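Undergrad: Here is a sequence together with a model predicted from it:
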Amino acid sequence: MARSNEVSINESKMVVPLNTWVLISNFKLAYNLLRRPDGTFNRHLAEFLDRKVPANANPIDGVFSFDVIVDRATNLLCRIYRPSDTDEPPNVADLEKPVKSESSSTVPVIVFFHGGSFAHSSANSAIYDTLCRRLVGLCRAVVVSVNYRRAPEHRYPCAYDDGWTVLNWVKSRAWLESTDSKVHIFLAGDSSGGNIAHHVALKAAESESGIEVLGNILLNPMFGGELRTESEKRLDGKYFVSVQDRDWYWRAFLPDGADRDHPACNPFGPKAASLEGVKFPKSLVVVAGLDLVQDWQMAYVEGLKKAGQQVKDLYLEKATIGFYLLPNNAHFHTVMDEIKKFVSSNC
Amino acid sequence: MVPYETAAAAPPIPIGNPPASSSSSSSNTIIPKPPEIDGLLAGAGYKVRSSDLRHVAQRLERLETAMLNSPSQQLSLLASDAVLYNPSDLSTWVDSLLSELNQSQSLPSLPSDLSDLMSNPTALDGSWMDQQLPPPTAAVHNQQPPQLTVVTAVEEDSGIRLVHMLMTCAEYVQRGELALAGSLIQDMQSLLTRVNTGCGIGKVAGYFIDALGRRVFAAGGGGGVPGGSAYENEILYHHFYEACPYLKFAHFTANQAILEAFDGHDCVHVVDFNLMHGLQWPALIQALALRPGGPPLLRLTGIGPPSPDGRDSLREIGLRLAELARSVNVRFAFRGVAAARLEDVKPWMLQVNPKEAVAVNSIMQLHKLLGPGSPGDPARPAPIDAVLGWIRSLNPKIMTVVEQESNHNQPAFLDRFTESLYYYSTMFDSLDACALQPEKALAEMYIQREICNVVSCEGSARLERHEPLANWRERLTRAGFRPLHLGSNAFKQASMLLTLFSAEGYCVEENEGCLTLGWHSRPLIAASAWHAVAETAVGAVSDVPVVGGVVL
């Protein structure tokens, strides 16, 4: 046990910068303490450990943020990030100033779902606050980061429901409309957030809501299935993630008694409905070559293609999970460029 | 549209920030921080010196091995029982986890840090990808950038309009255009009748309009707080205590820390800077009674305003507490010190015995010392410095400080107004979760008085000079105090208390060794604990104004 551990530590050390290794290893070890074998989660300790940042209505590097309570009944909070052209703080009464008054070109609105395998992190986690701020500058977008309810306290479909609630809320905000009087919505997320983005887009496509999602951006999305894939076996425990912990998180999120072929986990698996003919948005799927879940992510890409959906996959051979959290590697910049192109090509 | 004074005009927050990080609200410049901290990890909420990264990485490796080698039961125990502190300080945190695990394992002790750092080719097998790290960008949100935290509820249009008008009015006030401000106030008052004042901004707007009115229309300037007898304040305070968890959290967290600090001491002395009804102390007395090894001798010195009507209210509270202490077999002595202002208190009045362990407890009092103080001798230290100085001379084992987490003491009126508008609307929002009447209505009145003071008073009358935790950290450090971190146990118990007694929406957060309580994502009150570093010179010659109501 110790020997293979040594091997995996050495391997992971070789592929990421030192500070990234420290960050992700710290998460890994802390998370080990939080997952209990009986399937419960040490939420108090999780909240104690999570590094959070408050919203800030004063612009920092051209971005300011504020929090909005979207649904009082479930205490559903979103953090909104907006670009600021000036260094002057906005008149705070203008937080919800119409985006079209500030830009004659279309303003994308990215609804972002943070990662954390459905159990960890929040919209106000420092790592995600940083990422969302970056997206604003990159895409000249408004970013709406959803503080969805987490497992195991809130299982499927809570996170999806929260995403759906926010999607409807965003669609109905006049201040988010571009000059063509429409809100230009993209969904984005990493890890579990990517999974949520898929399912919210699916709901939008299948419902009669008329909500059009212009594109989905999935970073290392969290999918799985009952089968053990080759990548899971090959990469188990090697780069910060193990099959065992993936299984734990699925057990925490999926309904009692469900297995990993549940469509929430395996959207192109034996229990899922076909996506053929569904008006599903175009997708950008980023896959890290050292992520043990990659076979499921590539299967997702294939599934979309077979269903006639538009999808671009970006396979980054030497990337591990979490590479997009710190801007200190080439993959990070590659992905940011792709996201920028993806979002602007529609607007 | 320039609602805020620009960086050039506004002086930095008067805390003695190093010039590099002076808080200009327009932050296009990179905010430099100590060059040795890894900027990217700082953006993720962790403080690690770049030069320490390798060392931390090694410790993480050891920790992983240790965790793998320990039985899962031991890990659960670690997670549930070990007290952990300040996760931002990664280095210390990893080391504390390691020592927790090592204590329960019979592993050979680890080599000293020094030998770890010496090059050891077999241990450092893989080569790190030592990429040129890009220079730290200004994504340092944990430093001291000006923060303006806003949580809004979905608002109707007239609510938004009201906010616009409030901001405009405050701007007129700042510019001295009182006639314009006055007429806007009248417009707002009529708009108020058409706004949903049930929740969110609409609710608190009325109080701010009222406060602005007092400032603008009051003859001779400096509108006063409505009513304001000490007795009334106590009643309102009590209802604020009942209606929402802020004061309970403050008392509970402070008591925890005090209890721990008193461990092993037989004679302890608590100095309470604002006794009120002594609501904080029954719990501490009971906890001390249950202490393994038996309770200490507890002395409590309660400071409070003099009673106008000849009643000795301090003494009455003291007697009640003594009664309680007697019933649980805790030897107890009470002393009341009546003083109109904290800066009038002199240390000799507290009669601290050098052999006692002293705890100084300040729940929302220190900010009152940030004002200009009495005019006169400019050589006198500012009230806050004078008081912190004598606290330090008492050599307390612990000083517990709870303060409102907001900046209501900025030099520019508009800045104060804006922050307090958002602060108090969040607080009011949280009150809505309380169903009890009349607690809620009276609690709102309590808060209203604070609002009035922040908005309509100036100079020595403006007592509610709240400043955020970052400022207090700096100030207390400069005054010779060092933090005593509040840990995961205090965090967990505070969280549990909240779920038991309060609505969903309240949240406790850990902030580098301090705990904050807030509503949704906005911290509203911050609790911290401190102790004094070794003092050399002690004691001032006291001149002796007589202070009434000293009781033993």
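TA: Cool, got the structure. Numbering: from 1, shown residues only, chains lettered A, B, ... in the order given.
Undergrad: quick one: the lengthiest strand in chain B near chain A?
TA: Ranked by residue count and defined by DSSP state E, the top strand of chain B is strand B:522-532. Yes. Interface with chain A: strand B:522-532 contributes B:522-523 (CB under 8 Å from any CB of the partner chain). For every residue, glycine as well, the C-beta is placed using N, CA and C.
Undergrad: How far away from the center of its chain is that strand?
TA: Centre-to-centre, strand B:522-532 and its host chain are 4 Å apart (CA atoms, centre = their mean, to the nearest Å).
Undergrad: Could you do stretch A:102-116 as well?
TA: Mean-position distance between stretch A:102-116 and its chain equals 13 Å (CA atoms, centre = their mean).
Undergrad: What of stretch B:303-317?
TA: Chain-centre distance of stretch B:303-317: 27 Å, with CA atoms, centre = their mean.
Undergrad: What helix or strand is residue A:194 located in?
TA: Element membership of residue A:194, judged by DSSP states H and E, is helix A:192-206.
Undergrad: mind listing what the longest strand of chain B pairs with, with the direction of each?
TA: Sheet pairing of strand B:522-532 (DSSP bridges) gives strand B:398-404 (antiparallel), strand B:481-484 (antiparallel), strand B:514-519 (antiparallel).
Undergrad: got the contact list for stretch A:320-338?
TA: Contact with stretch A:320-338 is made by A:12, A:15-17, A:19-20, A:23-24, A:27, A:127, A:130-131, A:134, A:138, A:190-191, A:219-220, A:239-241, A:284, A:286, A:288, A:290-291, A:312, A:314, A:316, A:318-319, B:40, B:43-44, B:131, B:133-134, B:137, as judged by CB atoms under 8 Å, 6 or more residues apart in numbering or on different chains.
Undergrad: Next, the contact list for the residue found closest to residue A:40 once you drop the neighbours it is linked to in the chain, please.
TA: Computed as CB to CB, 6 or more residues apart in numbering or on different chains, the closest residue to residue A:40 that is not its neighbour in sequence is residue A:152, at 6.6 Å. Residues near residue A:152 by CB under 8 Å, 6+ apart: A:39-41, A:119, A:252-253.
Undergrad: Just the buried residues out of these, in PyMOL syntax.
TA: In PyMOL, a selection of the buried entries from these looks like this (16 or more other CB atoms under 10 Å in any protein chain shown):
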select buried, chain A and resi 41+119+252+253
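Undergrad: ok, residue A:340 - contacts?
TA: A:138-139.
Undergrad: Could you rerun that using 10 Å?
TA: Taking CB atoms under 10 Å, 6 or more residues apart in numbering or on different chains, we find residue A:340 in contact with A:135, A:137-141.
Undergrad: Can you tell me the SS state at the residue of the stretch 301-450 of chain B found nearest chain A?
TA: Relative to chain A, the nearest point of the stretch 301-450 of chain B is residue B:418 (5.7 Å; CB to the nearest CB). Secondary structure, DSSP: H, G, I helix; E, B strand; the rest coil: residue B:418 is helix.
Undergrad: how many neighbours does it have?
TA: 26 (other CB atoms under 10 Å in any protein chain shown).
Undergrad: The closest residue to chain A within chain B - nearest residue in space that isn't next to it in sequence?
TA: Here the residue of chain B nearest chain A is residue B:45; by CB to the nearest CB that distance is 2.4 Å. Nearest residue to residue B:45, sequence neighbours excluded (CB to CB, 6+ apart): residue A:51, at 2.4 Å.
Undergrad: Restrict the longest strand of chain B to CA atoms and write it as CSV.
TA: The C-alpha coordinates for strand B:522-532 follow below in CSV (Å, rounded to 0.1, in the frame of the first residue of the first chain):
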residue,chain,number,x,y,z
ARG,B,522,-22.4,37.9,4.2
PRO,B,523,-20.5,37.9,7.5
LEU,B,524,-22.1,40.4,9.9
ILE,B,525,-20.3,39.8,13.2
ALA,B,526,-16.7,38.6,13.9
ALA,B,527,-15.4,37.0,17.0
SER,B,528,-11.7,36.8,17.8
ALA,B,529,-9.5,36.1,20.8
TRP,B,530,-6.1,37.6,21.8
HIS,B,531,-3.4,37.6,24.3
ALA,B,532,-0.8,40.1,25.2
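Undergrad: and it, which residues are buried?
TA: Buried-residue list, strand B:522-532, by 16+ other CB under 10 Å: B:522-532.
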